[in-house]
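Novice: Structure, please.
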Amino acid sequence: MDGSDIENLPVGVGKVNLLNIKDLEKKANILRRYIIKMIYLANSGHPGGSLSIADIITALYFRVLKHDPSNPRWAERDRLIMSKGHAVPAQYAALALSGYFPISWLWTLRKIDSPLQGHPSYGKVPGIEASTGSLGQGISIAVGMALSLKLRNVSNKTYVILGDGELQSGEVWEAAMSASHFKLGNLVAILDRNGIQIDGFTEDIMKLEPLVDKWRSFGWRVYTIDGNNMGQVVSTLEHLPFNSESPNIVIAKTIKGKGVSFMENRSHYHGTPPSKEEYEIAMRELGGEVE
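Specialist: Just a heads-up that it's a prediction; the model follows:
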């Protein structure tokens, strides 16, 4: 499946316009421009991990999730938890482009009294399902939500985006064990496997591999994809089995800082905003206007 058409999609995928692969790629590039501009104006933030998940976030909001921007608390919506909360600029950009709030809000990132803070804050931003930022906790929140939906016998799905450095937290594996124990087939974890955390490469700091074997041993269905290949992202997320027995994890191999040449695969840009000169270079590379 190349994802170039939107026929045969599951009924009720969402209440937003469903985009084909080419348009999703264009939308992801817009997200990247917005991420760079937001963080540059704030002079604070985490560009590397926000850029690496732009394709995944785009696929979710404009193709996969059931959601309604005009009714953020729609009972039939799917839930998305940003466990790697420092990468929330990518989610903010998608929410604004979906119509949850005005684009102008994006330029207030991290400013005093702005609803858009450096980590997701529940109750302040339409479309945010939980406050996160303390790494390791988001998947536990997602397990609770998925279990609640299962006990109510409804078909909504819960998605959670994890960072790979985050897996060094023990709570992640307690949640993974719980999800398998409670047979949460309505739960999808997406691992942003860009290989870099704030201090360097994950395998140098605290080795994570073999991740596929680890997750399988915890009773999860495991899928490995190129997380910056929109066709693979869409095809995988749309065809997960969602059986009643096993939770799903998509290990998405991505590039930290994807789309901005001087940020790619550099831990320095995990939490460093671009300078004025870097901002201008990044925007030109992404095909945006330099203001």
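
Novice: Going by C-alpha atoms from here, please, whenever you check contacts or count neighbours.
Specialist: Fine.

Novice: Look up which helix or strand residue 81 falls in, please.
Specialist: strand 79-82 (DSSP states H and E).

Novice: what helices or strands is the next helix or strand after that strand leaning on?
Specialist: Following strand 79-82 in sequence order, the next helix or strand is helix 88-98 (DSSP H and E). When contacts are defined as 3 or more C-alpha pairs under 8 Å, 6 or more residues apart in numbering; DSSP states H and E, helix 88-98 sits against helix 21-42, helix 47-52, helix 54-59.

Novice: in the helix or strand just after helix 88-98, what counts as buried?
Specialist: Next helix or strand after helix 88-98 toward the C-terminus (DSSP H and E): helix 138-151. For helix 138-151, the neighbour count (16 or more other C-alpha atoms under 10 Å) marks 138, 139, 140, 141, 142, 143, 144, 145, 146, 147, 149, 150 as buried.

Novice: hmm, back to that, quick one, which of the helices and strands packed on helix 88-98 gets closest to residue 118.
Specialist: helix 21-42 (9.6 Å; C-alpha to C-alpha).

Novice: And the contacts of that closest one?
Specialist: Contacts with helix 21-42, where a contact means C-alpha atoms under 8 Å, 6 or more residues apart in numbering, come from 2-5, 45-47, 50-51, 54-55, 58-59, 62, 89-90, 93-94, 106-111, 230-231, 259, 273-276, 279, 282-283, 286, 288.

Novice: Quick one: buried ones out of the residues you listed?
Specialist: Buried among these by 16+ other C-alpha under 10 Å: 3, 45-47, 50-51, 54-55, 58-59, 62, 89-90, 93-94, 106-110, 230-231, 259, 273-274, 279, 282-283, 286, 288.

Novice: Give me the neighbour count for the nearest residue to residue 72 once chain neighbours are set aside.
Specialist: Closest residue in space to residue 72, ignoring its immediate chain neighbours: residue 127 at 5.4 Å, by C-alpha to C-alpha, 6 or more residues apart in numbering. Using other C-alpha atoms under 10 Å, residue 127 is surrounded by 22 other residues.

Novice: ok, residue 127 touching residue 70?
Specialist: No - Residue 127 is not in contact with residue 70 according to C-alpha atoms under 8 Å; the separation is 10.0 Å.

Novice: shared neighbours of these two, anything?
Specialist: residue 100.

Novice: show me the contacts for residue 47.
Specialist: 35, 36, 39, 87, 257, 269, 270, 271, 272, 273.

Novice: Out of these, who's the most crowded?
Specialist: residue 87 (30 neighbours).

Novice: Relative to residue 203, how far out is it?
Specialist: Per C-alpha to C-alpha, to the nearest Å, residue 87 is found 21 Å from residue 203.

Novice: Could you list the low-pLDDT ranges of the chain?
Specialist: 1-17, 290-291 (pLDDT under 70).

Novice: So residue 172 sits against residue 141, correct?
Specialist: No - Residue 172 sits out of contact with residue 141 when judged by C-alpha under 8 Å, with a separation of 10.6 Å.

Novice: Overlap of the contact sets of these two?
Specialist: Joint contacts of residue 172 and residue 141 (C-alpha under 8 Å, 6+ apart) do not exist.

Novice: Check which helices and strands the host helix or strand of residue 192 sits against.
Specialist: Using DSSP H and E, residue 192 maps to strand 187-193. Counting by 3+ C-alpha pairs under 8 Å, 6+ apart, the packing neighbours recorded for strand 187-193 are helix 138-151, strand 158-163, strand 248-253.
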